[in-house]
Structures are given as C-alpha cells and as structure tokens.
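Chemist: quick one, fold the following:
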Amino acid sequence: MKKYLFITGRLAAKALEKCLGKLNLDFQYDIFVLNCTVAAFMNTEWIATHLDCGLKYEMIIIPGLSEGELSLIENKTGIPAQRGPKDLKDLPLFFGENKELQGFGAHKLKIIAEITDAYSLSINDVIKRAEYFRDSGADIIDLGGPSKGEFRDVERKVRALKDSGFKVSIDSFDKDTILKADRAGADFILSVNSVNIDIAQQVNAKVVVIPDFGKGLDSLYENITKLDATGKEYIIDTIIDPLCMGFTQSIERYIRLRKDFPDKEIMMGLGNLTELTDADSGGINALMAGVATELDINYVLTTEVISWAKGSVKELDRARRLMHYAYENHMPPKRINYDLVMLKDPPFDVYAEEELKSMQKEIEDKNFRIFTGNNKIYLFNRDIFWSGTDPQEIFNSLKIMDSRHAFYLGKELERAALAIRLGKKYVQEESLRWGSK
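Modeler: Numbering: from 1, shown residues only. Have a look, this model is predicted:
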C-alpha cells in the first residue's frame, strides 16, 4: 500500500492526527511534526532543510498555508509534494470529494441571454453587454425590442454582433424589425404565433413558436401545424408562468410537449421565475436547469434586470454542467461541484472549544488566533482565551492601541461574525467563499 508523509507544526499536530484517524484512506501515512507553531511560517525552503534524502513515500503533503515552490521539497527528497487544504478540517473534502470528475463540464443545454433594453443602447454598449454575457457562458445573444413599434437601428446592431462572432436572436413581434434583423443575419426570431406566423416563410432565421396571447396549448399546437405545413424550422416554447400564477401547470405543458414532440427543439424562458420571485436567483436557476435537463430542453432564455437576478447567466452555465453530469451518471446533483453553493457553504467541520483550548497551550507568542464554532467567535493567544457572539464586545475587551493591529482584528472579527450569521466557514485571513468566481 502506498504511503504519504504529512508535514505539520506543533500547534496542529494533535488535530491532524485526530482528523486523519477518522478518515477511510486508501494509503498509509506518517506525520512529521516540525518545531514551528504557525504553518504560514513554514515555507517550502525551510521544510526542505528538515527532510532527509532517503525518505520512502509516494507523496509529501505540506500545510496549505505554507508558501514557496514545491520543487524545493521535491528536488531534495525525490518525492512529489502537494499542498493540503488551508484548514486541516477540510481534509475529508480534500481526499474524498475534491477529485476530478470524468466528463464533468459537458452539457447540451444552450443559454440565450437577453439584452432587454438593446433597442435603447448604443452599438458599443450592446457589444459590451453581449461580451459580458458571453464571458458568463451565454451561447446566443437576444436583442430585446420595444414593447410596441419598430426597433430602430436593429440592422446595425445585429451586424455588429455577427461581425464580433455572436449568434443573435431578435425579440420582437414587429414585422419590419423582424425582416431587417433577418437581412442583417439574425439566427433566431423570438417569437411567432397566429398574429405574425406568415412572416416565418419570409425569413431565413429559425423561429420560436409560442401560444396565441391569452390562449392555451391548443393554440400552440395549431401554430405548430401551420409551420409543419411550410417545412419551416422552429423551436417550441409554451411559456412559463410565474410562481403562484400557474407555474406548475406550465411544467405540465412542457412535459406534454416533450412527449408529443420527442424530436423537436424546445425553449424555456426563466425570466418569469428569476425576475418575479423575491429570492436569490441561484437556487431557482439550479432547479430549473435540472428540470430542463430531465425534459431534454434545448434552450433556456434568461435575463439579468432586477438586482437579485444579476449573474443568472453564469449560474445557469454552472447549473447546466452540474445537472448534465448528474443525469448522465444517474445520481442526484449532490457532492459533485459546489460552484452554486453561494450564500451558504459546502459541508465543513469546526474545532470544538476543548480542541482550541488544547491548541492554546502550545502557543508561545502573543499573536491572536481567531476561529468560529458553535455559533461563537473564539480569539486567543498564549495569554488570553476569549469567546463570544458580539465582535464589538470582543474587540473592546482587547484594548488594542496599535491602529494597524486594531484595523486587522476589527476586520477579522467582523468577517467571523458574518460567517456565523450566514452559516459559512471562517478561516483567519481568508476571504469567505461565495461560490464560483
């Protein structure tokens, strides 16, 4: 069986031994305790000087906070070196779940990102917004037109996007706008129903067919029949209603559509959910990406207008990859990828108060260590051990005179308090985790 060597300092030695002892590892290990309390002080050059050349291990694991080139250790020992997690409590994740997932990242679902006010923006601003959406993961840029009347300058804006390598759709029922956009090279027309369905034969772009306004699924099927008679390519969208206003019936319609048209492309617009629900968009987008994956939906249309829906394109990009992997591997979308765990955090462990007090006994300096656990903030050095829930109260008790030190501790204590409030993991001098970047 392969064998690893873990490098640690005096302060974390007992906790490391306890943590490793709980894990079901597929290798044996030794722990080498160096005469240092703070892992960040153990750079790779210093660690290398304390290691022998004749070691017999398959891997050397050093603390995640240790800085420097790993090659210094590897050249000295001839053994591959790797940094562990910055907090040893994350070792279960490091060895159990943070592994390469074969095939993860693939997807079939395409994202259409709508620039809702494209008709009122300059060409440069349209390009900038489109580039933002493309960087976020969008496959198609939808140009929103006015609710009534012609979309002025639509041809120039479509051409500018096409010249920049974008796939473009136009969101308008205005006949002149549609024809101009099509001449400029638009790829998709959103949308047609009985009001303007005749225009479908006049354009090269693929059209999205929807129900008639205020009517149900029967009207959509009638519109589909008309398009089938012409041989025109189309995408079907039965329209999602907002929550508490017919949403579940909307899903029933999509289920029926997929059963009745197993080989046709279907689109699902999500703005009526993300924009019209007083909730962060991340969870909604994750759920709907899962629904879209199960129903083999081909396109989702989204917007980023209201504040809580900002970032929806990026969220959908992450969600379609997660759901595709889960669906293809016949598993729930859990413990696969944590990019969409944003307001809260992936599972994590914390130190018990007894562990922290044991750790304090090994400290020989006045530098403050800060931890959270059991809904408390813990702060200690060799002389004092404080715990509490109010960062201001803890800070006032310290009576710090040095302004730089006071600023540092104030910042860390507030971050620790925020982590407790949101149920997030706190690691001293590390930013809180907010999902994918």
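
Chemist: C-alpha from now on. contacts and neighbour counts both.
Modeler: Will do.

Chemist: now do the helices in the stretch 101-250 of the chain.
Modeler: Assignment of helices within the stretch 101-250 of the chain using DSSP state H, counting those that start in this stretch yields the ranges 123-136, 154-163, 175-183, 217-230, 247-260.

Chemist: now do the second one, average pLDDT.
Modeler: Per-residue confidence for helix 154-163 averages out to 97 on the pLDDT scale.

Chemist: and the helices of the stretch 101-250 of the chain as TSV, adding mean neighbour count?
Modeler: Formatted as TSV, the helices of the stretch 101-250 of the chain follow (neighbours: other C-alpha atoms under 10 Å):
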stretch	mean neighbour count
helix 123-136	17
helix 154-163	19
helix 175-183	21
helix 217-230	16
helix 247-260	16
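
Chemist: and Phe6, that one's in a strand?
Modeler: Yes. With DSSP: H, G, I helix; E, B strand; the rest coil as the criterion, Phe6 is assigned to a strand.

Chemist: mind listing what it touches?
Modeler: Phe6 is in contact with 29-32, 60-62, counting by C-alpha atoms under 8 Å, 6 or more residues apart in numbering.

Chemist: so it bridges to which residues?
Modeler: Ile31, Ile61 (DSSP bridges).

Chemist: let's see the pLDDT reported for it.
Modeler: pLDDT, Phe6: 95.

Chemist: that one and Glu58, how far apart?
Modeler: Phe6 is 11 Å from Glu58, where distance means C-alpha to C-alpha, to the nearest Å.

Chemist: kindly report the same for Ser120.
Modeler: Ser120 is 62 Å from Glu58, by C-alpha to C-alpha.

Chemist: over to Arg183?
Modeler: Taken as C-alpha to C-alpha, the span from Arg183 to Glu58 is 63 Å.

Chemist: about what we covered before: which of the contacts of Phe6 are buried?
Modeler: Buried members of the contacts of Phe6, scored by 16 or more other C-alpha atoms under 10 Å, are 29, 31-32, 60-62.

Chemist: make JSON lines out of those residues and add pLDDT and distance to Trp434.
Modeler: Below are the buried ones among the contacts of Phe6 laid out as JSON lines (pLDDT from 0 to 100; distance: C-alpha to C-alpha, whole Å):
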{"residue": "Tyr29", "pLDDT": "94", "distance to Trp434": "33"}
{"residue": "Ile31", "pLDDT": "94", "distance to Trp434": "33"}
{"residue": "Phe32", "pLDDT": "94", "distance to Trp434": "34"}
{"residue": "Ile60", "pLDDT": "95", "distance to Trp434": "30"}
{"residue": "Ile61", "pLDDT": "95", "distance to Trp434": "27"}
{"residue": "Ile62", "pLDDT": "94", "distance to Trp434": "26"}
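
Chemist: moving C-terminal of the one helix or strand Leu322 maps to, what's the next helix or strand?
Modeler: Leu322 is part of helix 312-328 when elements are defined by DSSP states H and E. Next helix or strand after helix 312-328 toward the C-terminus (DSSP H and E): helix 353-360.
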